[in-house]
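Student: Below are the sequence and a predicted model for it; my questions follow.
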Amino acid sequence: MSIISLNADLLRICHGFTSTEQHRGYLNGVHVESNPHGEGVIMVATDGYRLMCIHDEHGFISSPNLEGSIIKLTKDMLKECKTKPRGEVGRKALIESGGMEITVYRVGDDDGYVKHKSYTTPMFISGTFPDWRRVLPNLDQEPSEMNKDGFSFNSDNIKSFCEAAKELEKLIGNSQGYLRVVPCGDGPALIRFPYSPNAFGLSMPGVKRIEGLLGLPDFMSPTSDKQSAAE
C-alpha cells in the first residue's frame, strides 16, 4: 500500500485546475508521481484548457508506480488543506488507500506538529491520466503564418492563474500575485510564477481566431482626431 505525503496547500492550489466534467473522470483529480529527475513529487491537474504543474520538493511516495495516482478531494478536504494565516507555518496531507490525514504545523509546537483532521472518503480515481508532457511547449517554436498575429485567451482561464499566483505567494509571505505569460509558437502559452519557481501553468489558446487588435484602437489615431474636427 502506497503512502503519499504532500504539502497540503500546494495540493489544494493544484486541485483548482481539475475538470468538473463527469464523463472525463480521470481529470477530476490531481495526478501525483515521483519526480523522475530527483527528489520530491510532481502534481499535475488539467481540465483540457488549463494545466497546472507543481513540484513539491519535500513530498514523497512510499511505493511509487510508473503510472502515478489520481487524487480527488472534496470541498471539505480542500478547506482543511489551507494553512491559516495566524499561528501556523504549514499543513501536510498524508494520503493512503483508506483516506487522508491532515497534519498542521504550528508556531511554537515542541513536537513540530499536531494531528488536525482525518478523512475516510475514497480518494483515488481509477483511469489513465493523459500524457501531459506531450503538450509541453517548445520555447523556440515560431508561430505559423496563420497565427503570427498571436492568439486570444479565455479571460476566466487567465484569471484562475492570477488567483493561483496569489495563493502561491501567500506561502512565502507575499500576496501580489505576479505571473508571466510566455507565447510559444502555435502551442499553449507558458505561465510562470516569478516568486514560485517550482510551479508552472499552460493556457491553451482560444478556439476562435480574432483578426487585428494588434495596436491601439482607431479612436486613438491622429486620423480620428482630424475627422472629428472636420465634422
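Tutor: On my side now, so go ahead. Residues are numbered from 1 along each chain as shown.

Student: Endpoints of stretch 172-188, how far apart?
Tutor: Terminal residues of stretch 172-188 lie 28 Å apart, using C-alpha to C-alpha, to the nearest Å.

Student: So for it, what gets flagged as buried?
Tutor: 177, 179, 183-184, 186-188 (16 or more other C-beta atoms under 10 Å). (Each C-beta comes from the backbone N, C-alpha and C, glycine too.)

Student: ditto for stretch 63-82
Tutor: Residues of stretch 63-82 classed as buried under the neighbour-count rule (16+ other C-beta under 10 Å) are 64, 68-73, 77, 80-81.

Student: Would you mind giving the residues you listed as TSV with secondary structure, distance to N35 and pLDDT added?
Tutor: Formatted as TSV, these follow (DSSP: H, G, I helix; E, B strand; the rest coil; distance: C-beta to C-beta, whole Å; pLDDT from 0 to 100):
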residue	secondary structure	distance to N35	pLDDT
P64	coil	10	73
G68	coil	11	90
S69	strand	14	92
I70	strand	17	94
I71	strand	16	94
K72	coil	22	94
L73	coil	21	92
M77	helix	24	89
E80	helix	26	88
C81	coil	21	90
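
Student: just those residues now: which is nearest C53?
Tutor: Distances from C53 to the buried residues of stretch 63-82, taken as C-beta to C-beta, are shortest for G68 (12.5 Å).

Student: how about the closest residue to that closest one other than its chain neighbours, what does it touch?
Tutor: Once flanking residues are discounted, G68 sits nearest to E33: 3.4 Å by C-beta to C-beta, 6 or more residues apart in numbering. When the contact criterion is C-beta atoms under 8 Å, 6 or more residues apart in numbering, the partners of E33 are 41-42, 44, 61, 64, 67-69.
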